[in-house]
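# this one's sequence-less:
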């Protein structure tokens, strides 16, 4: 059926507009139904993958950490929080890369990277790496490599 709408001026009580609304003609024999709302399910994110931890060349107090974003972000933007030996080091990291600095030389560190979205901390990935010993420079590394592969030339 049609619906009649009338707007009345509240001061003069006269009709200022009138309109009739009729349902649209359809070819379907089914009665009209409103579309089902589409729900977006959001969750905490999955775990990052492919964790790599390594000491940079020439540094005894840093570790470089890289990882791959989780395939399941929980439907929301993801940042990362990092932990070193169980202590929170950084949070709100926007990229899949960070550097731990001011570490102790020749010390093993357990690194954990946690994916985070607005619902909270999600999955994590953990690995272990040792910082370089103090005093280890490029000459020592070259001597070690040449000795290991039986290099025949003298290292200067």
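Ah, there it is. Being a predicted model, the structure only gives us computed values, none of them experimental. Numbers count the residues shown, from 1 in each chain.

# which regions of the chain sit below the pLDDT cut-off?
Within the chain, the segments meeting pLDDT under 70 span 1-11, 14-39, 136-156.

# show me where it has helices.
Using DSSP state H, the helices of the chain run over 138-148.

# which residue ranges form the strands in it?
Assigned by DSSP state E, the chain shows strands spanning 3-8, 15-21, 49-54, 63-68, 79-84, 87-93, 97-100, 108-117, 120-130.

# of those, which is nearest residue 41?
Closest to residue 41 of those is strand 108-117 (CB to CB; 12.9 Å). In this view, the C-beta of every residue, glycine as well, is placed from N, C-alpha and C.

# mind listing what's buried in the closest one?
Using 16 or more other CB atoms under 10 Å as the test for burial, strand 108-117 gives 109, 111-117.

# pull out the buried residues from stretch 76-89.
By neighbour count with 16+ other CB under 10 Å, stretch 76-89 contains the buried residues 78, 80-84, 89.

# repeat for stretch 100-109
100, 103, 109.

# give me the number of residues near the residue nearest to the first one when sequence neighbours are not counted?
Counting by CB to CB, 6 or more residues apart in numbering, residue 100 lies nearest to residue 63, which is 4.6 Å off, once chain neighbours are set aside. Each residue near residue 63 was counted by other CB atoms under 10 Å, and the total is 22.

# again with residue 95
Applying other CB under 10 Å, I find that residue 95 has 10 neighbouring residues.

# quick one, phi psi at it?
Dihedral pair for residue 95: phi -110, psi 170, per degrees, to the nearest 10.

# tell me which residues touch it, please.
By CB atoms under 8 Å, 6 or more residues apart in numbering, the contact list for residue 95 is empty.

# could you measure residue 76 against residue 46, distance?
12 Å (CB to CB, to the nearest Å).
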